[in-house]
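Trainee: Let's see this in three dimensions:
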Amino acid sequence: MKRIYDYLGYEVEVSVEAHPGPADTSQSRYGLGYVAIVTITKAGQPVSCFTPLRLGEEDGRPFRNEPDALMGGFSAGRCLIDDLDRNDLD
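Mentor: Numbers count the residues shown, from 1 in each chain. Got it, this is the predicted structure:
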């Protein structure tokens with residue numbers, strides 16, 4: 001699954017990949033999860049300070065479902081763009 005979102009003149013591309021779950025069997029109750037791969041571009045060119053990011057939830061676990069991974073990836077992309085724009089104003 002892949003989505004492209006427009007945000008403040010940037011494109012945030014979020015794709016979702018299945019993740020087999022944590023390697024630690026004590027956490028196997030989480031089962032199959034998903035990671036978000038986030039790429040930020042502007043005018044079709046990658047933003048040089050951001051390489052594609054692979055993201056899970058805040059505690060390091062994979063997301064539980066694809067919609068959560070999409071929204072988590074988009075939220076992270078927006079935060080990075082906000083920080084970038086804020087630094088440009090300094």
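Trainee: I'd like to know how far the residue positioned nearest the centre of the chain sits from Pro62.
Mentor: Ranked by distance to the mean C-alpha position of the chain (Cα atoms, centre = their mean), the top residue is Gly73 at 2.7 Å. Per Cβ to Cβ, to the nearest Å, Gly73 is found 12 Å from Pro62. (Each C-beta comes from the backbone N, C-alpha and C, glycine too.)
Trainee: repeat for Gly72
Mentor: Spatial separation of Gly72 from Pro62 under the definition Cβ to Cβ is 10 Å.
Trainee: same deal with Val14?
Mentor: For Val14, the distance to Pro62 under the criterion Cβ to Cβ works out to 14 Å.
Trainee: okay, and the helix or strand of the chain with the least pLDDT?
Mentor: For the chain, scoring each helix and strand by mean pLDDT, DSSP states H and E identifies strand 45-46 as the least confident one, at a mean of 72.
Trainee: how distant is the helix or strand harbouring Leu80 from the center of its chain?
Mentor: Taking DSSP states H and E as the criterion, the element that holds Leu80 is helix 66-89. Centre-to-centre, helix 66-89 and its host chain are 8 Å apart (Cα atoms, centre = their mean, to the nearest Å).
Trainee: for stretch 72-90, same thing?
Mentor: Between the mean C-alpha location of stretch 72-90 and the chain-wide mean there is a distance of 12 Å, by Cα atoms, centre = their mean.
Trainee: Could you export it as PDB, CA atoms only?
Mentor: Presented in PDB, the C-alpha positions along stretch 72-90 are these (Å, rounded to 0.1, in the frame of the first residue of the first chain):
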ATOM      1  CA  GLY A  72       1.900   7.300  11.500                       C
ATOM      2  CA  GLY A  73       4.200   7.800   8.500                       C
ATOM      3  CA  PHE A  74       2.400  10.900   7.300                       C
ATOM      4  CA  SER A  75       2.400  12.400  10.800                       C
ATOM      5  CA  ALA A  76       6.200  11.800  11.100                       C
ATOM      6  CA  GLY A  77       6.700  13.400   7.600                       C
ATOM      7  CA  ARG A  78       4.700  16.500   8.600                       C
ATOM      8  CA  CYS A  79       6.700  16.900  11.800                       C
ATOM      9  CA  LEU A  80      10.000  16.700   9.800                       C
ATOM     10  CA  ILE A  81       8.700  19.300   7.300                       C
ATOM     11  CA  ASP A  82       7.600  21.600  10.100                       C
ATOM     12  CA  ASP A  83      11.000  21.300  11.800                       C
ATOM     13  CA  LEU A  84      12.700  22.000   8.400                       C
ATOM     14  CA  ASP A  85      10.600  25.100   7.700                       C
ATOM     15  CA  ARG A  86      11.000  26.300  11.300                       C
ATOM     16  CA  ASN A  87      14.800  26.100  10.900                       C
ATOM     17  CA  ASP A  88      14.700  28.000   7.600                       C
ATOM     18  CA  LEU A  89      13.100  30.900   9.500                       C
ATOM     19  CA  ASP A  90      16.000  31.200  12.000                       C
END
